[in-house]
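>>> would you be able to build a 3D model of this:
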Amino acid sequence: MRIVPISLRVGNIGGTIMRLTLLVGTAFASLAAVPAAFAQDMGARDAEAEDIVVTAEAHRPVDAGKTDVPLIETPQAISVVSADMLRDRGTTRLADALRTVAGVSRSSTYGFFDAYTIRGYDAAYGSVYLDGLLSEAGTGTNNELAGLQQVEVVKGPASALFGSAPLGGIVNLVSKRPQGEAFADLSLSTGSYGLVEGAVDANAPLTRDGSWSARLNAVYRDVGSFVRNSGQNRVYVAPALTWRSGPATSLTVLGVYQRDRDHPFSPLSAWGTVLPSAYGPTPIDFSINNGGGQRPIYNQERASISTILSHQFNDAIGVSQTVRYTHRTSDFDRWLFVAGFLDDEVVDGIQRGRRLGRYYYGPFHGINNDFAIDNRATAKVATGSIRHNLLAGIDYRQGRVRSQGDGDFNPTHLPLDVVTPDYDTPLRPQSSPYSNAGANRQIGYYVQDHVSLTERLTATLGARWDRVTSNDETQTAFSPRVGATYALVPGMVAYAAWARSFTPQFGSQIIVAYDANGNPSVIGQAPPEHGRNIEAGLKIAPSGNAVNATVALFDLERQNVLTADLAFPQFSRVVGRQRSRGVEVEGQWSPAPGASLNAAYAYIHATVLNDDTLPAGSELQNIPRQNVSLYGRYVIQDGALANVGGNLGLIYNSSRAGSMTEAYTYRLPSYVLVDTGLSYVIGRWSLLLSVNNILGERYFPDSCCLDRITPGQPRNWRLTLARRL
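Below you'll find the predicted structure:
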């Protein structure tokens with residue numbers, strides 16, 4: 001047997017996890033004895049990645065793959081949004097960054113958080129990873145994009161590598177890391193709603209031999225909102241330090257501090273937005289919350305520290321490890337939400353009531369502490385003409401939360417007239433305090449073999465076993481994945497895959513057995529939700545990088561979905577089944593120097609197969625059947641107008657199901673958004689103007705229920721002046 005490359009990532013962390021990962025800890029200890037600890041392998045890879053353009057990604061690995069298998073040989077659709085694309089479009093929100101990814105649409109954001117669906121299934125929580133580690137599972141977040149190198153969207157089940165995750169897919173955010181060259185990018189921005197923003201991205205080698213380098217990303221942003229009585233203020237600082245002690249080892253330390261002082265807005269009622277009201281359409285800037293000194297507040301502080309360690313023993317074997325600890329506090333108060341109409345009167349399908357009830361949330365204080373570690377080992381070996389790229393890993397994560405809150409959930413106490421709203425009425429909620437404390441943890445063991453059977457044919461075989469615990473409830477799952485790719489011609493690969501996913505369902509009880517009178521006699525916890533995906537497609541990435549495209553057909557089925565037990569409403573049943581089938585087409589084309597075109601299209605048919613409360617065939621919520629994105633950019637190459645650039649984008653979402661379980665169901669109307677922009681570069685200076693929704697489309701991108709309709713942002717603009725030092 002002939003030995004060829006490996007790459008391995010391991011570590012020990014102490015306590016229970018030390019005992020559970022003794023083998024990994026031993027390997028890490030041997031690594032520490034290597035004289036050339038912490039050096040260049042990962043750093044060299046990062047230096048290359050910084051200059052990646054989207055059209056070149058197919059021949060490179062992605063961080064979400066956990067190995068160096070090229071994207072074109074990965075039997076799964078994965079989309080990459082680069083930092084350059086985010087900058088050129090003036091994008092600052094993750095939900096907006098994902099609008100141009102085929103198969104992704106908005107899910108219920110409650111008017112404030114990042115939330116989206118992938119391939120027909122809600123992925124609002126438990127789907128965002130940062131540098132390969134889950135980022136604050138189960139909590140609403142507004143992710144900062146300024147410190148990111150790229151955004152990776154893994155479509156379909158990711159449980160074979162990442163454990164519990166939504167069936168539709170996950171999003172992995174890749175942090176900017178220190179590079180070999182010195183630079184400093186400074187920018188100032190202004191725009192709609194009184195935007196004031198300053199940002200810096202500075203990088204420098206700290207030693208002459210380049211063994212130490214550092215980078216700093218920082219942002220200050222203060223901006224109002226198109227909704228009255230709301231706005232956001234953020235301070236974000238992300239320092240990074242890399243040590244390369246030799247050609248085979250590197251250690252990168254990443255820090256993040258984010259402080260938000262926000263006045264959030266709340267979603268609207270369906271009446272007056274997508275359902276008719278006797279008083280006409282609700283203004284897009286209509287506020288559910290009070291103003292002045294009674295504006296809602298949402299304050300958050302998040303601090304985290306991560307390490308990424310990589311060592312290459314030789315051309316065949318290596319180790320690497322990612323660790324992160326996060327501490328987050330969140331406080332909110334005076335946050336009001338619609339609670340129906342107090343004078344509810346629907347005549348001929350028109351709401352004639354005008355007095356909204358409101359729920360009051362706050363004061364609330366919560367503390368989250370999260371720890372995560374992922375140890376990975378890869379090895380490249382060959383038996384005859386067959387080559388193996390092996391991956392083995394152990395990861396562990398735990399989270400602890402403590403919170404105390406209050407609120408007034410009697411809607412009659414805080415009415416609001418939709419015709420003549422009084423935002424100065426004193427808020428005097430009645431107290432209803434509550435508290436919560438909980439802990440969760442997950443340990444997973446995974447293996448994968450990417451086998452090159454011939455020069456054209458590869459197979460990927462992987463599996464993972466997980467044990468997940470939350471507040472003394474435990475669930476286990478086995479998640480396999482098999483796939484293959486075949487190169488039809490150079491730069492054109494056909495692929496097919498089958499995979500399973502799982503998502504725990506803690507806190508939900510089901511009836512296991514009944515007594516002779518038909519009453520519950522044995523109660524148990526709901527088992528995990530399971531999903532499976534069958535996928536086939538084509539990846540195109542010929543040499544020269546002028547074209548890069550993926551076509552994917554998929555069939556995802558979700559099982560063990562909880563539905564209400566109609567006979568005993570305090571319990572659930574796990575008879576729910578859902579299916580999402582569709583096709584995605586996504587590609588980039590650079591027809592000439594300075595010109596690029598990105599296009600994405602998705603057709604998704606997501607329906608209920610079985611449910612106790614929803615009829616079979618019902619469409620799943622917030623899933624447009626048709627989703628189109630087009631984005632073109634051109635920069636003049638020479639002449640008097642050299643370095644003047646322009647871009648034009650179009651987003652289309654077809655109508656989709658809104659509320660599905662209430663007396664009045666509705667659909668969210670289709671919409672078309674047109675975005676545009678201009679740029680000019682002269683020497684080290686650049687100027688970028690972006691205008692979104694230039695046609696002023698009135699639209700509603702997502703909903704939860706009759707009282708939760710998110711308004712879409714009207715026409716808005718952003719102007720950025722930047723200089724590279």
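
>>> just checking, residue 675 touches residue 88?
No - taking contacts as Cβ atoms under 8 Å, residue 675 lies outside contact range of residue 88: 11.0 Å. C-beta: built from backbone N, CA, C; applies to glycine.

>>> what is in contact with the two at once?
Common neighbours of residue 675 and residue 88, using Cβ atoms under 8 Å, 6 or more residues apart in numbering, are residue 647.

>>> neighbour count winner among the two?
Remark: of residue 675 and residue 88, residue 675 carries more neighbours, 23 against 19, as counted by other Cβ atoms under 10 Å.

>>> any figure for the gap between the more buried one and residue 716?
Here residue 675 is placed at a distance of 10 Å from residue 716 (Cβ to Cβ, to the nearest Å).

>>> identify the contacts common to the two.
Counting by Cβ under 8 Å, 6+ apart, the residues touching both residue 675 and residue 716 are 691, 692, 693.

>>> of these, which belong to strands?
691, 692 (DSSP state E).

>>> which among the shared contacts of residue 675 and residue 716 gets closest to residue 483?
residue 692 (37.7 Å; Cβ to Cβ).

>>> list the contacts of the closest one.
Shown in contact with residue 692 (Cβ under 8 Å, 6+ apart): 90, 673, 675, 713, 715, 716, 717, 718.

>>> in these, find the pair that's most separated.
So, those by Cβ to Cβ: farthest apart are 673 and 718, at 15.2 Å.

>>> how many neighbouring residues does residue 102 have?
Residue 102 has 27 nearby residues by other Cβ under 10 Å.

>>> and it, how far is that from residue 599?
For residue 102, the distance to residue 599 - Cβ to Cβ - is 9 Å.

>>> give me the common contacts of those two.
Going by Cβ under 8 Å, 6+ apart, residues that sit against residue 102 and also against residue 599 are 585, 586, 629.

>>> are we agreed that residue 64 is in a helix?
Yes - remark: residue 64 belongs to a helix, assigned using DSSP: H, G, I helix; E, B strand; the rest coil.

>>> please enumerate the strands of the stretch 601-725 of the chain.
626-635, 644-653, 656-657, 667-668, 671-682, 685-692, 702-705, 708-710, 716-724 (DSSP state E, counting those that start in this stretch).

>>> what's the pLDDT at the residue in the chain sticking out farthest from the centre?
Ranked by distance from the centre of the chain (Cα atoms, centre = their mean), the top residue is residue 516, with 48.6 Å. Looking at residue 516, its pLDDT stands at 87.

>>> so what does it have for phi and psi?
phi -60, psi -20 (degrees, to the nearest 10).

>>> thought residue 90 was touching residue 679?
No - with contact defined as Cβ under 8 Å, residue 90 does not count as touching residue 679 (9.9 Å).

>>> can you check which residues contact both of those two?
Between them, residue 90 and residue 679 share the contacting residues residue 688, judged by Cβ under 8 Å, 6+ apart.

>>> more neighbours: which of those two?
residue 90 (23 against 20).

>>> where does this protein have low pLDDT?
Counting by pLDDT under 70, the chain has low-confidence residues at 1-58, 111, 137-140.

>>> at 80 instead, please
1-60, 108-112, 124-125, 136-141, 522, 544-545, 660-663 (pLDDT under 80).

>>> just give me the longest strand of it.
strand 355-383.

>>> hey, what's residue 370 bridged with?
With DSSP bridges as the criterion, residue 370 is bridged to residue 399.

>>> could you count how many residues lie near it?
Residues within reach of residue 370, counting by other Cβ under 10 Å, total 22.

>>> enumerate every residue touching it.
Counting by Cβ under 8 Å, 6+ apart, residue 370 has contacts 136, 137, 324, 325, 326, 328, 397, 398, 399, 400.

>>> ok, the residue farthest from the centre of the chain to residue 567 distance?
16 Å.

>>> go on, residue 706?
26 Å.

>>> so those two - more neighbours on which side?
More neighbours surround residue 706 than the other of residue 706 and residue 567, with 22 against 13 (other Cβ under 10 Å).

>>> that one contacts residue 267, correct?
No - using Cβ under 8 Å, residue 706 makes no contact with residue 267, being 10.6 Å away.

>>> in the strand or helix carrying residue 251, what's buried?
Applying DSSP states H and E as the criterion places residue 251 in strand 249-262. In terms of neighbour count (16 or more other Cβ atoms under 10 Å), strand 249-262 has its buried residues at 249, 250, 251, 252, 253, 254, 256, 258, 260, 262.

>>> cool, and stretch 562-572?
Buried residues in stretch 562-572 (16+ other Cβ under 10 Å): 562, 563, 564, 565, 568, 571, 572.

>>> which ones are touching residue 73?
Counted by Cβ under 8 Å, 6+ apart, residue 73 has contacts 450, 458, 485, 493.

>>> give me the phi and psi for it.
phi -100, psi 10.

>>> against residue 493, how distant is it?
7 Å.

>>> which stretches of the stretch 201-350 of the chain form strands?
Going by DSSP E, counting those that start in this stretch, the stretch 201-350 of the chain shows strands at 212-224, 231-246, 249-262, 297-312, 317-333, 335-341, 346-347, 350-351.

>>> what lines up beside the first one in the sheet?
Right, strand 212-224. Strand 212-224 is paired, per DSSP bridges, with strand 195-205 (antiparallel), strand 231-246 (antiparallel).

>>> mind listing what's buried along it?
Applying 16+ other Cβ under 10 Å to strand 212-224 flags 212, 213, 215, 216, 217, 218, 219, 221, 222, 223 as buried.

>>> just these now: which is nearest residue 358?
Using Cβ to Cβ, the buried residues of strand 212-224 come closest to residue 358 at residue 223, 25.3 Å.

>>> show the contacting residues for the closest one.
Counted by Cβ under 8 Å, 6+ apart, residue 223 has contacts 191, 193, 194, 195, 196, 197, 231, 232, 233.

>>> buried subset of these as a ChimeraX selection?
Here the buried members of the contacts of residue 223 are turned into a ChimeraX selection, burial being counted by 16+ other Cβ under 10 Å:
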select :191,193,195,197,231,232
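
>>> identify the bridge partners of residue 720.
Note on residue 720: beta-bridge partners by DSSP bridges are residue 189, residue 688.

>>> tell me which of the strands paired with strand 212-224 sits most buried.
Mean neighbours per residue, mean count of other Cβ atoms under 10 Å, is largest over the strands paired with strand 212-224 for strand 231-246, with a mean of 20.

>>> using PDB, write out every CA atom in it.
This file holds the C-alpha atoms of strand 231-246, laid out as PDB (Å, rounded to 0.1, in the frame of the first residue of the first chain):
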ATOM      1  CA  GLY A 231     -33.300  51.900  14.600                       C
ATOM      2  CA  GLN A 232     -30.000  50.100  15.200                       C
ATOM      3  CA  ASN A 233     -26.700  51.000  16.700                       C
ATOM      4  CA  ARG A 234     -23.700  48.600  16.500                       C
ATOM      5  CA  VAL A 235     -20.100  48.400  17.600                       C
ATOM      6  CA  TYR A 236     -18.200  45.400  16.100                       C
ATOM      7  CA  VAL A 237     -14.500  44.600  16.700                       C
ATOM      8  CA  ALA A 238     -12.900  41.400  15.400                       C
ATOM      9  CA  PRO A 239      -9.100  41.000  16.000                       C
ATOM     10  CA  ALA A 240      -7.200  38.000  14.600                       C
ATOM     11  CA  LEU A 241      -3.700  36.800  15.100                       C
ATOM     12  CA  THR A 242      -1.900  34.000  13.200                       C
ATOM     13  CA  TRP A 243       1.400  32.300  14.200                       C
ATOM     14  CA  ARG A 244       3.200  30.200  11.600                       C
ATOM     15  CA  SER A 245       6.300  28.600  13.100                       C
ATOM     16  CA  GLY A 246       7.100  26.600  10.000                       C
END
